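Asks: from the sequence below, what's the structure:
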Amino acid sequence: MATAGMWLVLLALGAWFAWCLRRFQVYWDAGDVRIGRLGAALRQAQRELGEEQRTQEKLGHEIKQLERQTEKSREEERQLRQKQREAPPPPPIEVLVSAEIPASASEDPWIANFLVRRANARTADRPVRPILFWSAGSQAAMIKSQQLAGDLTVNDVRKLTPAG
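Replies: From the prediction side, this is the model:
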């Protein structure tokens, strides 16, 4: 019987060894899965880091370009200011006066700005010509400015107030 007991012990040891090998295989596979996940996460992090580095390089290049443009603009502005300092002042605006004194005491001074018409000129490029006239109210000022305008376009009409 000793041989049967021995066989039984050997069989138990074989089963235990198989069970240990199976546990070892399960833990090994779980470790492989974890290593695979960590490797994928590492590769993803490396991709994101590479994208961030490329973005930073691109932004650094754009910053350098903007700094060059800013420096160039500052130099142009400095040169323009120097030219403006050296240039003679522009001639004063010519104001046409319809009458030097009002026709009645109830009339107030008004200024109308007319746009001078030029062939092929945009509205922004057309010079403004101010005209001083006298009128008793805003409605009458609008009518009188249209009469004075003739073929010119009235840009705006405003009442003159004393500066104080």
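
Asks: model confidence for the most centrally placed residue in the chain, exactly?
Replies: Central residue of the chain (Cα atoms, centre = their mean): Leu66, 13.7 Å from the mean position. At Leu66, the pLDDT value in this model is 96.

Asks: roughly how far does it sit from Gly60?
Replies: Between Leu66 and Gly60 the computed distance is 11 Å (Cβ to Cβ, to the nearest Å). Every residue, glycine included, has its C-beta placed from N, CA and C.

Asks: do the same with Trp19
Replies: Separation of Trp19 from Gly60 (Cβ to Cβ): 61 Å.

Asks: same check on Trp110?
Replies: Here Trp110 is placed at a distance of 59 Å from Gly60 (Cβ to Cβ).

Asks: okay, those two: which has more neighbours?
Replies: More crowded of Trp110 and Gly60, by other Cβ atoms under 10 Å: Trp110, with 23 against 10.

Asks: the closest residue to Ser145 other than its chain neighbours pairs with what?
Replies: Nearest residue to Ser145 in three dimensions, chain neighbours excluded: Ala112, at 3.9 Å (Cβ to Cβ, 6 or more residues apart in numbering). Beta bridges link Ala112 to Ile131, Val157 when assigned by DSSP bridges.

Asks: so which residues of this structure form helices?
Replies: Along the chain, the segments classed as helices by DSSP state H run 2-86, 138-149.

Asks: identify, out of the ones you listed, the most deeply packed stretch.
Replies: Of those, the one with the most neighbours on average (mean count of other Cβ atoms under 10 Å) is helix 138-149, at a mean of 15.

Asks: and it, what does it pack against?
Replies: Applying 3 or more Cβ pairs under 8 Å, 6 or more residues apart in numbering; DSSP states H and E, we find helix 138-149 packed against strand 108-115, strand 128-135, strand 153-159.
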